[in-house]
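Predicted structure and sequence below. I'll ask about it afterward.
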Amino acid sequence: MSQIVTVPNAVLRQPTKPVDTLDARVLGILKDMENTLREAENPQGVGLAAPQIGLSLRIFMIRPTKSGPVTTFINPEIIKYSQRKIKPNSKDGVYEGCLSIPHHYAPLERSSSITIKYQTPILSTEGCALRAVQKTYSGFSAHVIQHETDHLNGILFIDRVLEQNAPLFKFEGKTWHEVTL
């Protein structure tokens, strides 16, 4: 399991490089990322991008529910954003946070659905390969995918906070405090 990289580490601001082959090194990275995502607590991780473990590769994983499966996205590209946006309007809503900026959350607006092209590993008796996928996601999964795609482009959720002039909160103990950037 890898240590999660936090701000101000420079790797979080670098655009990532595509994955060309699914070799033993990449398979090791995928296993490590999945373990790291599953073990992330306080806060619980729902997504993890390769830059968050210090690697500038176009890979992320999501697990929108704690008991749900992990989905792997390699070389993802969002090809369509819905015009309809979703944004929580109270602290009871889903606030966006980031394992690389622990305990900070904001009510960010994102497209309610997206269509994404990506590759995912398939394992068979003959070995491993990358399978091309195009799929539409909506709701919380779409929100997480947009956040993780930003990571691959060197964009952090605090950039979206500034862009949207959204409030930023820090959660300490059991108390929310509004903070400034």
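Okay, I see it.

Show me where this protein dips below the pLDDT cut-off.
89-94 (pLDDT under 70).

Pick out the residue nearest the middle of it.
In the chain, the residue lying closest to the centroid (C-alpha atoms, centre = their mean) is residue 148, at 2.7 Å.

just checking, it touches residue 46?
No: look at residue 148 against residue 46 with C-beta atoms under 8 Å: they stay out of range, at 9.2 Å. Backbone N, C-alpha and C define where each C-beta goes, glycine included.

Could you tell me which residues touch both of the two?
Listed contacts common to residue 148 and residue 46 are residue 62; contacts here mean C-beta atoms under 8 Å, 6 or more residues apart in numbering.

one step back: quickly list what the nearest residue to the residue nearest to the centre of the chain once chain neighbours are set aside is bridged to.
Leaving out its chain neighbours, the residue that sits closest to residue 148 by C-beta to C-beta, 6 or more residues apart in numbering is residue 60, at 3.9 Å. Beta-bridge partners recorded for residue 60 (DSSP bridges): residue 49, residue 73.

what's around residue 60, how many residues?
Per other C-beta atoms under 10 Å, the neighbour tally for residue 60 reads 28.

who's in contact with it?
Residue 60 makes contact with 47-50, 72-73, 76, 148-149, 151-152, according to C-beta under 8 Å, 6+ apart.

If you count contacts, what does the longest helix anywhere in the chain end up packed against?
Longest among the helix segments of the chain by residue count, using DSSP state H, is helix 24-39. Packing partners of helix 24-39 (3 or more C-beta pairs under 8 Å, 6 or more residues apart in numbering; DSSP states H and E): strand 47-49, strand 59-62.

Can you redo those as CSV, where the extra columns are distance to residue 84?
Shown next, in CSV, are the helices and strands packed on helix 24-39 (distance: least, C-beta to C-beta, whole Å):
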stretch, distance to residue 84
strand 47-49, 21
strand 59-62, 21
